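A.B. asks: my questions are about this predicted structure, shown below with the sequence.
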Amino acid sequence: MDKRNIEEQLKDLHFDMDEEIDDRYERQGRRRITQRHAHSPMDTSQAIVLAAVIIVGGLWGGKLVYDYIQEQRMKAAINEAALYMQQAFRQADQSSKQVQANYRQRAAAEASLREQRQAQQQAQRQAELTRLQHETRLQTPQCRFWRQQHEQNPTERTAVRKRQAC
């Protein structure tokens, strides 16, 4: 066989798959499969309309999916901001309570200090008053008399009278 002869045979070769399958089924003794469910080809106008519906549906569905994703992102961002604000409010509340507690402690300490000062001043006034009263009693004629009597003649009686008068 010549190389050209093979090439011509290959060019003339006609291969139909349906015929080959049918021939094989006949050789094996099976019945030929009929194409009862085969559809007629679609018209171009129907194909264009179907393609337009698919494209519009795809774009619209894609837009819906995109909007849904954006909405979920917005919700997540808002929730995160809300959590951050809650934490900030809690911290502010805690610091406010701490400042109030410190203020109360300071006020209590100042009140205690004020009371101590007042008590000291009162004690000083009382001591001063007692000292003045004592000095006043020492200056009375009765005290001077009994003191002089006790210095000149120290007896039990003059000591008692001196204490009473002075």
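C.D. replies: Sure, I can see it. Computed from a predicted model, the values in this text were never measured in an experiment.
A.B. asks: and the next element down the chain from the strand or helix carrying Glu7?
C.D. replies: In this structure, Glu7 sits in helix 3-12 according to DSSP states H and E. The helix or strand immediately downstream of helix 3-12 is helix 17-28, counting by DSSP H and E.
A.B. asks: any idea which helix or strand comes after that following helix?
C.D. replies: Of the helices and strands lying after helix 17-28 in sequence (DSSP H and E), the nearest is helix 44-139.
A.B. asks: next, the buried residues of the next helix or strand along the chain from that following helix.
C.D. replies: Per DSSP H and E, the first helix or strand lying C-terminal to helix 44-139 is helix 141-152. For helix 141-152, the buried set under the neighbour-count rule, 16 or more other Cβ atoms under 10 Å, comprises 143, 146-147, 149-150. (Each C-beta comes from the backbone N, C-alpha and C, glycine too.)
A.B. asks: got those as a markdown table, with distance to Met74 and pLDDT columns?
C.D. replies: Below are the buried residues of helix 141-152 laid out as a markdown table (distance: Cβ to Cβ, whole Å; pLDDT from 0 to 100):
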| residue | distance to Met74 | pLDDT |
| --- | --- | --- |
| Cys143 | 97 | 82 |
| Trp146 | 102 | 83 |
| Arg147 | 101 | 83 |
| Gln149 | 107 | 83 |
| His150 | 104 | 82 |
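A.B. asks: nearest to Tyr84, out of those: which one, please.
C.D. replies: Closest approach between those and Tyr84, by Cβ to Cβ: Cys143, at 83.3 Å.
A.B. asks: what's the neighbour count on Tyr25?
C.D. replies: Using other Cβ atoms under 10 Å, Tyr25 has 13 neighbouring residues.
A.B. asks: check what pLDDT it gets.
C.D. replies: Looking at Tyr25, its pLDDT reads 80.
A.B. asks: show me where pLDDT drops low in this protein?
C.D. replies: In the predicted model, the chain carries pLDDT under 70 at residues 1-4, 10-17, 31-39.
A.B. asks: residue nearest the centroid of it?
C.D. replies: Note on the chain: the residue nearest the mean C-alpha position is Gln87, at 2.8 Å, using Cα atoms, centre = their mean.
A.B. asks: gap between it and Gln126?
C.D. replies: 58 Å (Cβ to Cβ, to the nearest Å).
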